[in-house]
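1. sequence and predicted model, in that order:
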Amino acid sequence: MQLINAFGDAAEHAIVSADPQRRGAASRLGKGARVKWPVFPSLKGKPWPGRLRKIAEAMSGYDLICTYNWGALDAVMAQTLFADVYKLAPLVHHEDGFNEDEKNRLKTSRNLYRRIALGRTAALVVPSRNLERIALEVWQQPRSRVRLIPNGIDTAAYLARPKRDALPRLVKHRGEKWVGTLAGLRKVKNLTALVRAVSKLPEEWQLVIAGEGPERDAIMAEAERCGIEDRLHLPGHVDQPEKLVGLFDIFALSSHSEQFPISVVEAMAAGLPVAAPRVGDVGSMLASENGPYLAAAEDEEGLARALQELAGDAALRKKVGAANRARASAEYDEARMVERYRALYWGLMGRN
């Protein structure tokens, strides 16, 4: 949605969803976006040649094809098998991470399918160094095809501190300190561990977890078990994170697995220190000053210690947060991301 809005009237977009009933991201489309929702063969099902041929036929007539994650791999395979038959446009595949079923180990069958399906892609875009390594070593893609483009945000939107009552369902009261995170409430986010870590902080420290998902009841139950149910806030999904993140005093991550979490970039842009495990690209994303407050993956006690050290020193939080803000502005601004994608897409369409 960011790219569609940024490209404006320079491109028209046809969007196909593997789950047509879930189009929540469409709410982010700007008024000037030129978007169609074409009738398209289902992206779900066995990859039999007849089904893939129908998908390939439906992809004909465009100037560029963009596919996203495992759910679109059958379309990628269709392009590899039938690109010549239907004179299909160049295809750019994008991968941004894995679900719970691959948090510890990638599935061999999926790795093999990716190797074959990606055989004729024009480019494979990944946002993290870890995914870049997987693309090169596990999926065996040529170096010339793999493009690392970090995700970007409008960093300027996070410069101003939000009002304490900026959100209708949540108000920051005077004297409170907030440990906050933005995350889908899923097992892979390991949010019960974050509840336990925050339970060791002084009473004035509240925990705010913004997001929706199936683990909501488990998180609440853990807070009750730890005796901090009155210090836990679950405001649900927040459409405008810039109205919330700046109210946090510390941003925390507790995930079993990540790649390039955009919530960390948002925290950096808001000038926050981050306590987190070293998963995915988290260690390389943050300013060097934040390094001491990262724990080893799955080290719950290390995460708790990092939170305690940051919670106990306001000057330290300010110093680390300022370094993170400077790095976010220099490396992860939306404008830089958009230009990288524009150069890739326009080049493949012969528009540069």
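-> Cool, the structure landed. Keep in mind that what you see is a predicted model, and the values were worked out from it rather than measured.
2. just to check, S263 is in contact with A183?
-> Yes - under the contact definition of CB atoms under 8 Å, S263 touches A183, with a separation of 6.7 Å. All C-beta atoms are positioned from the backbone trio N, CA, C, and that covers glycine.
3. mutual contacts of these two, please.
-> Taking CB atoms under 8 Å, 6 or more residues apart in numbering as the contact definition, S263 and A183 share the neighbouring residues L253.
4. what about A287, how many neighbours?
-> Neighbour count of A287, defined by other CB atoms under 10 Å: 21.
5. who's in contact with it?
-> 268, 320, 323-324, 326-327.
6. can you check A89 too?
-> Contacts of A89 were listed using CB under 8 Å, 6+ apart, and they are 59, 62-65, 349.
7. where does this structure dip in pLDDT?
-> Scanning the chain with the threshold set as pLDDT under 70 gives 99-104, 352.
8. please repeat the previous calculation with a cut-off of 50.
-> Within the chain, the set of residues satisfying pLDDT under 50 is empty.
9. all strands of it, in order?
-> With strands called from DSSP state E, the chain shows them at 13-14, 35-36, 65-68, 91-94, 123-126, 146-148, 177-182, 205-210, 232-233, 250-252, 274-277, 294-295.
10. export those to a markdown table and tack on distance to F7?
-> Putting these into a markdown table (distance: least, CB to CB, whole Å) gives the following:
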| stretch | distance to F7 |
| --- | --- |
| strand 13-14 | 8 |
| strand 35-36 | 11 |
| strand 65-68 | 12 |
| strand 91-94 | 14 |
| strand 123-126 | 16 |
| strand 146-148 | 18 |
| strand 177-182 | 26 |
| strand 205-210 | 29 |
| strand 232-233 | 37 |
| strand 250-252 | 31 |
| strand 274-277 | 31 |
| strand 294-295 | 36 |
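11. got these as CSV, with mean neighbour count and distance to C226 columns?
-> As requested, the strands of the chain are arranged in CSV below (neighbours: other CB atoms under 10 Å; distance: least, CB to CB, whole Å):
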stretch, mean neighbour count, distance to C226
strand 13-14, 16, 47
strand 35-36, 11, 46
strand 65-68, 20, 38
strand 91-94, 22, 39
strand 123-126, 23, 37
strand 146-148, 18, 40
strand 177-182, 22, 14
strand 205-210, 23, 10
strand 232-233, 18, 9
strand 250-252, 26, 15
strand 274-277, 27, 17
strand 294-295, 22, 19
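12. out of those strands, nearest to K44?
-> The stretch from the strands of the chain with the least distance to K44 (CB to CB) is strand 65-68; that distance is 14.3 Å.
13. mind giving me the packing neighbours of that closest one?
-> Taking 3 or more CB pairs under 8 Å, 6 or more residues apart in numbering; DSSP states H and E as the contact definition, the neighbouring helices and strands of strand 65-68 are helix 73-86, strand 91-94.
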